[in-house]
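Enquirer: kindly return the folded structure for what I paste below:
(2 chains)
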Amino acid sequence: MKKLLLPGLLMSSLALTAVYAAEEPNADAYREMTYGDRDANPALLVVDRGEELFKEKRGPKNVSMEECDFGLGKGVVKGVYAELPRYFQDTDRVQDLESRMITCMTTIQGFDEAELKKKTYANEKSNEDNTDLEAIAVYIASQSDGMKINPPTAHPKEQEIIKVGEALFYHRTGPLDFSCASCHGADKKRIRLQNLGNFSKAGHDAQKAIGGWPTYRVSHAAVRTMQHRIWDCEGQMRLPDTEYGAPLSVALIAYLTAQAKDGAYVLPGMSR
Amino acid sequence: MASVKLKAKALEGGLVEVKALMTHPMETGLRKDSAGELVPAHYITEVVVTANDKEVLKTNWGGSVSKNPYLAFNYKGAVGDKVKLTWKDNKDATDSAELTVE
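Expert: Modelled structure (predicted):
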């Protein structure tokens, strides 16, 4: 009897494994249970801090960021993130939210650019609180909560940067010969249980990723912005640090946002 | 900046739902900094919530609670209640927030 039991057990456990492996790992149910309550998002605390920083008179010129134009006119924050990245006449280039913030903080508030870029992201390994840049970015982005992802594409430079971003997305580089598409170019890929969005095609995956960013990363205990996302991905590809607001990251963000067009912003987001 | 974000709303059945986020580093005392030195413990030890000055919830917390903690619970109450949340940490710092239930 004993001899028979063991193979029987082995067989059934093998069969179980096969059943589980065949199923798509679905973290959505887990996410709903843990982060389903939007009031539970600690990013809301950072949004409040960002609002204070935004409205405070700061910098050598002692002016508030309400003097800035994020694309919909001076002082407008409602809905601006939904229509970024976009072309700005004064800088003659396409800018995402964060590169635009740097423009505003240097030209209007008088901050030193190199000084601003010295400390862009909170270091989660040191349990740091979000930097001022991260707090201001998530405040502005959250003013587009519930809106449609709608980056403008009428200007030739906007069309150009989306093409450049697409080329970068497929460009293999670095010591591991990686491109963004190595991980994000096919359906249903994942690292462990983490699903990897397929951003090579427009629609659902890109909409979900772009629409929920900036997000409170629970594992970082901090808000993370799109600039951080790109910087972190480039780091995982073993590439040198991507400068905050660099043309490379803006181009990739422009491409991803174009792929996410017509999705919805649910901000601030919350993720693992 | 206020460190507490407090929300409360009346539910059906004579209940009030309270939700609160607290800004706090919640250092466990076990983490080391880049120089290898232990970072001193710094966490909330007590959260007290009162409704019309009557205690409806009291918790004892420690270093295992996450950074920027979230607390949600229901109590028997009604519209018009004055809800107040106060936290205290192991360095004797404290902060509070209050509101009237709508």
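Enquirer: from A:Met33, how far out is the residue in the stretch 151-272 of chain A that chain B sits nearest to?
Expert: Scanning the stretch 151-272 of chain A for the residue nearest chain B gives A:Ala221, at 4.0 Å (criterion: Cβ to the nearest Cβ). The C-beta positions use only the backbone N, C-alpha and C, and glycine is treated the same way. According to Cβ to Cβ, to the nearest Å, A:Ala221 and A:Met33 sit 19 Å apart.
Enquirer: give me the phi and psi for the closest residue to the residue of the stretch 151-272 of chain A closest to chain B other than its chain neighbours.
Expert: Nearest in space to A:Ala221, with sequence neighbours left out and distances taken as Cβ to Cβ, 6 or more residues apart in numbering or on different chains, is B:Lys67 at 4.0 Å. Backbone torsions of B:Lys67, given as degrees, to the nearest 10, read phi -60, psi 150.
Enquirer: higher neighbour count, A:Ala221 and A:Met33?
Expert: A:Ala221 (19 against 9; other Cβ atoms under 10 Å in any protein chain shown).
Enquirer: A:Glu124 is in contact with that one, correct?
Expert: Yes: with contact defined as Cβ atoms under 8 Å, A:Ala221 and A:Glu124 form a contacting pair (6.4 Å).
Enquirer: on that earlier part again, check what pLDDT the residue of the stretch 151-272 of chain A closest to chain B gets.
Expert: We have a pLDDT of 92 for A:Ala221.
Enquirer: tell me, what residue is most central in chain A?
Expert: In chain A, the residue lying closest to the centroid (Cα atoms, centre = their mean) is A:Met226, at 3.0 Å.
Enquirer: so where's the stretch 1-150 of chain A uncertain?
Expert: A:1-27 (pLDDT under 70).
Enquirer: what parts of it come near chain B?
Expert: A:37, A:39-42, A:44-45, A:48-49, A:52, A:126-127, A:129 (Cβ under 8 Å from any Cβ of the partner chain).
Enquirer: so how do I select the buried members of those residues in PyMOL?
Expert: Here is the PyMOL command that picks out the buried ones among the residues of the stretch 1-150 of chain A next to chain B, judged by 16 or more other Cβ atoms under 10 Å in any protein chain shown:
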select buried, chain A and resi 40+41+42+44+45+48+49+127+129
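Enquirer: now render the residues of the stretch 1-150 of chain A next to chain B as CSV, adding secondary structure.
Expert: Formatted as CSV, the residues of the stretch 1-150 of chain A next to chain B follow (DSSP: H, G, I helix; E, B strand; the rest coil):
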residue, secondary structure
A:Asp37, coil
A:Asp39, helix
A:Ala40, helix
A:Asn41, coil
A:Pro42, coil
A:Leu44, helix
A:Leu45, helix
A:Asp48, helix
A:Arg49, helix
A:Glu52, helix
A:Ser126, helix
A:Asn127, coil
A:Asp129, coil
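Enquirer: so which of the residues of the stretch 1-150 of chain A next to chain B is the closest to chain B?
Expert: For the residues of the stretch 1-150 of chain A next to chain B, the minimum distance to chain B (Cβ to the nearest Cβ) is 3.7 Å, reached by A:Pro42.
Enquirer: which stretches of chain B aren't confidently modelled?
Expert: Short version for chain B, where the test is pLDDT under 70: B:1-2.
Enquirer: which residues of it lie near chain A?
Expert: B:1-3, B:5, B:7, B:19, B:21, B:23, B:25, B:27, B:31, B:33-34, B:39, B:66-68, B:70, B:72.
Enquirer: please pick the buried ones from those residues.
Expert: B:Ser3, B:Lys5, B:Lys7, B:Lys19, B:Leu21, B:Thr23, B:Pro25, B:Glu27, B:Lys67, B:Asn68, B:Tyr70.
Enquirer: among those, which pair sits farthest apart?
Expert: B:Lys7 and B:Glu27 (26.4 Å; Cβ to Cβ).
Enquirer: now do the phi/psi pair for B:Glu46.
Expert: Taking degrees, to the nearest 10 as the convention, B:Glu46 sits at phi -150, psi 130.
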